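1. okay, sequence plus prediction incoming.
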Amino acid sequence: MAKLFLITGVSSGLGRAFAAGALEAGHRVCGTVRKPDDAAAFEALAPGRAYARLLDVTDEQQVFEVVAEVENTLGGIDVVIANAGYGVEGVFEETPLSVLRDQFEVNVFGAAATIRAVLPGMRERRSGHILAVTSMGGLMTVPGLSAYCGSKYALEGILETVGKEVAGFGIRVTAIEPGSFRTDWAGRSMVRAERAIADYDELFDPIRTARQTASGNQLGDPVKAATAVLTVLEDPNPPAHLLLGSDALRLVTAGRASVDEDIATWETLTRSTDFPDGAQIR
């Protein structure tokens, strides 16, 4: 059955791939962009089934207005993919707090506004699927991406919690956690903090150089990512977490193993902080 999708950030990258895949599968897609030229290009993908809306996801009021207009004119939104976002690369000590705030404004609060805006309609209809693009960097970290990973960890926590809150209403929630895909994420979609502290040169300079060198030759295929997301949408028991890419699988597995090791190693000290007659949290 054809569904109505709302996907933020469809002008390029994974957002464009998700939208193109849904259109090819026969669905209707309302995609948000920030420029009129991008809107015209998107609607040309499938005239009559691809609908563009101009939207800045950091404008909360505008997000709610666009969602209300879409539901009034196109019908109930079946699937939302909160995809709009970007990356900040830089050592934490060199990254201005204003840059950190801007990163959270888009990656966290922009996604949160989108999800909040679609929830009332989905709850009323007792159906819907909410997806948001986090990252493998929402489940593991690498030096030089503190702002980006911090924003994605925050979004992961929101999504996992919301999924538990709305499960009884027939609404499913999935965090999409891509690895490195052949998009422009590491190019024009990334803000790079200026280098200033020589102490970090040995650690960080090779990481920045390697990322720039790999841009355009990443492992992940955006078209295959779209196919994977469509597969999940058809499953009666979709995952709360969807890793995309073998690099994501490898790095997240290693990162979570490190956390598990800390938990096991320090278990005795962890337990030592309890009152012996305290309430037990289940």
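-> Sure, I can see it.

2. tell me which helix or strand Ile7 sits in.
-> Applying DSSP states H and E as the criterion places Ile7 in strand 4-8.

3. low-confidence ranges, the stretch 151-282 of the chain, go.
-> With pLDDT under 70 as the threshold, the stretch 151-282 of the chain has low-confidence stretches at 185-187.

4. all helices for it, in order.
-> In the stretch 151-282 of the chain, the helices defined using DSSP state H, counting those that start in this stretch lie at 201-214, 222-233, 246-265, 267-271.

5. got those helices as TSV, with distance to Ile158 columns?
-> (C-beta placed from N, C-alpha, C; glycine too.) Shown next, in TSV, are these (distance: least, C-beta to C-beta, whole Å):
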stretch	distance to Ile158
helix 201-214	27
helix 222-233	19
helix 246-265	18
helix 267-271	26
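
6. I'd say Ala117 and Gln61 touch.
-> No. Using C-beta atoms under 8 Å, Ala117 is not in contact with Gln61; the gap is 10.2 Å.

7. looking at those two, which is more packed in?
-> Ala117 (22 against 8; other C-beta atoms under 10 Å).

8. name the element the residue nearest to that one when sequence neighbours are not counted belongs to?
-> Nearest non-adjacent residue to Ala117, counting by C-beta to C-beta, 6 or more residues apart in numbering: Val67, 3.8 Å away. Per DSSP H and E, Val67 falls inside helix 60-73.

9. please apply the same query to Val88.
-> Counting by DSSP H and E, Val88 is part of strand 87-89.

10. quick one: that strand to chain centroid distance?
-> Its chain's average C-alpha position is 14 Å from that of strand 87-89, according to C-alpha atoms, centre = their mean, to the nearest Å.

11. just to revisit the earlier point, how about the helix or strand just after the helix holding Val67: buried residues?
-> The helix or strand immediately downstream of helix 60-73 is strand 79-82, counting by DSSP H and E. By neighbour count on 16 or more other C-beta atoms under 10 Å, the buried set for strand 79-82 is 79-82.

12. for stretch 167-187, same thing?
-> Per 16+ other C-beta under 10 Å, stretch 167-187 contains these buried residues: 171-183, 185-186.

13. likewise for stretch 127-147?
-> Neighbour counts using 16+ other C-beta under 10 Å place 128-141, 144-147 of stretch 127-147 among the buried residues.

14. strands - which of the residues you listed land there?
-> 128-133 (DSSP state E).

15. so which of those residues comes closest to Pro36?
-> Val133 (24.1 Å; C-beta to C-beta).

16. report the beta-bridge partners for the closest one.
-> Ile176 (DSSP bridges).

17. that one and Pro178 touch, don't they?
-> Yes. Using C-beta under 8 Å, Val133 makes contact with Pro178 at a distance of 6.8 Å.

18. quickly list what's touching both of those two.
-> Shared contacts of Val133 and Pro178 (C-beta atoms under 8 Å, 6 or more residues apart in numbering): Leu14.

19. and the closest residue to Ser135 other than its chain neighbours, how far from Ala167?
-> Among residues not flanking Ser135 along the chain, Lys152 sits closest, at 4.5 Å (C-beta to C-beta, 6+ apart). According to C-beta to C-beta, to the nearest Å, Lys152 stands 23 Å off from Ala167.
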